[in-house]
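> I would like the atomic coordinates for the input below:
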Amino acid sequence: MNQLAAALRQLRTETGLSLAGLAAKTPYSKSSWERYLNGKTLPPREAVEAVCRLAGEPVGRCLALWEIAEAEWSGRAVPALPKIPPPPSPAPPPPVLPAVPEHRGVAALAVLASVCAVAVTGVVIALLLLPNAPASEPLSPTAATSATPAGPGCHGTTCEGRSPMAMLCAAQPDTVAQHRTASGAWMELRHSRLCGTTWARTWGGHVGDRIELTRSGHTYGAQVGDAADAESYVYTLMTVTAPGTVVRACLQPAAKAGAAPGRKECFDGRVR
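Numbers count the residues shown, from 1 in each chain. This is a model prediction of the structure:
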């Protein structure tokens, strides 16, 4: 997230625009840009693309940073590997025995044998206490950083009515369909092949907007609860879908002070 914010600040410097200038040239407010540039809120993907265009820079690098930041923001980041405890300290060397007269050689040998037995026993116990690990080279930093992230937490019917973010189903989903409402909010239908599910999301709307996802009698809704929601994505829960399934997303705009709610807009998408 910090790397993305730093990259956006650099692009803003290249544009020569103030926060107010960015707000005038994009659909996002001055306060929204302040949060994006300081890493307080994950910006929408479209905001990243917009500032890249204004700076005349290719979007590839910033979108790669955005993907990493979204993974961190949604909890899909690679978990850190557990620390391997260090092996126990080696047993101390046996004490040096003082010289003994020749006629006491038998007794000295007996004492020496006892000390050696104690030392060997200590080494055996230390080996038994070592953690179970393969007799290979220690884990290298490269291996640690290239670990594969955990897969989705559900599949098929076990995902019905669950969060796409919490179940890790939102990693590289397909966009089934997209629609922009008359109020300026965006709606999108997203599908995960790994989980076999579809959900809807909205962004760019207003506090109080409500998005709904419907499929064969199953309806899941989500509401833009506050300003932070309005500046980021709001997701519905998931419904199970197979290729060819038709799903519908609807957005009910929030009612403005002294006025009736805006017109509800819906669109359909077919899972490919």
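> okay, buried residues for stretch 224-231 please.
For stretch 224-231, a neighbour-count test (16 or more other C-beta atoms under 10 Å) marks Val224, Asp229, Ala230, Glu231 as buried. Every residue, glycine included, has its C-beta placed from N, CA and C.
> what does the third one show for phi and psi?
Reported as degrees, to the nearest 10, the phi and psi values for Ala230 are phi -60, psi -30.
> ok, now which ones touch it?
By C-beta atoms under 8 Å, 6 or more residues apart in numbering, the contact list for Ala230 reads Gly205, His206, Val207, Asp209, Val224.
> nearest spatial neighbour of the last one, chain-adjacent residues omitted?
Distances taken as C-beta to C-beta, 6 or more residues apart in numbering place Asp209 nearest to Val224, at 4.5 Å, with adjacent residues excluded.
> that neighbour and Lys256 touch, don't they?
No - the criterion here is C-beta atoms under 8 Å, and Asp209 misses it with Lys256 at 11.4 Å.
> which one of the two has more residues nearby?
More neighbours surround Asp209 than the other of Asp209 and Lys256, with 25 against 11 (other C-beta atoms under 10 Å).
> got the contact list for that one?
Counting by C-beta under 8 Å, 6+ apart, Asp209 has contacts Ser183, Ala185, Thr202, Gln223, Val224, Ala230, Leu251, Gln252, Pro253, Ala254.
> repeat the analysis, applying 6 Å as the threshold.
Contacts here follow C-beta atoms under 6 Å, 6 or more residues apart in numbering; on that basis Asp209 touches Ala185, Val224, Pro253, Ala254.
> same check, this time on Lys264
Cys250, Gln252.
> next, Arg248: phi, psi?
Dihedral angles (degrees, to the nearest 10) for Arg248: phi -130, psi 140.
> pretty sure it is touching Thr214, no?
Yes - contact criterion C-beta atoms under 6 Å: Arg248 and Thr214 qualify, at 4.6 Å.
> between the two, which is the more surrounded one?
Neighbours were counted for Arg248 and for Thr214 using other C-beta under 10 Å; Thr214 has more, 19 against 16.
> shaky segments in the stretch 1-150 of the chain?
For the stretch 1-150 of the chain, the stretches with pLDDT under 70 are 74-150.
> let me fix that, I meant to ask about the stretch 151-272 of the chain.
Across the stretch 151-272 of the chain, the ranges flagged by pLDDT under 70 are 258.
> what do you get if the cut-off is 50, keeping everything else the same?
When residues are selected by pLDDT under 50, none of them lie in the stretch 151-272 of the chain.
> would you map the strands across it?
174-180, 186-192, 197-203, 210-215, 218-223, 234-235, 239-240, 246-252, 265-270 (DSSP state E, counting those that start in this stretch).
> re earlier: may I see the buried residues of stretch 224-231 organised as a markdown table, with distance to Gly153 added?
Shown next, in a markdown table, are the buried residues of stretch 224-231 (distance: C-beta to C-beta, whole Å):
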| residue | distance to Gly153 |
| --- | --- |
| Val224 | 26 |
| Asp229 | 23 |
| Ala230 | 28 |
| Glu231 | 27 |
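> if we only consider those residues, which is nearest to Ala24?
For these, the minimum distance to Ala24 (C-beta to C-beta) is 17.0 Å, reached by Glu231.
> so where does the closest residue to that closest one other than its chain neighbours fall, helix or strand?
In this structure, Glu231 finds its nearest non-sequential neighbour in Ser32, 4.8 Å apart by C-beta to C-beta, 6+ apart. Following DSSP states H and E, one finds Ser32 within helix 30-37.
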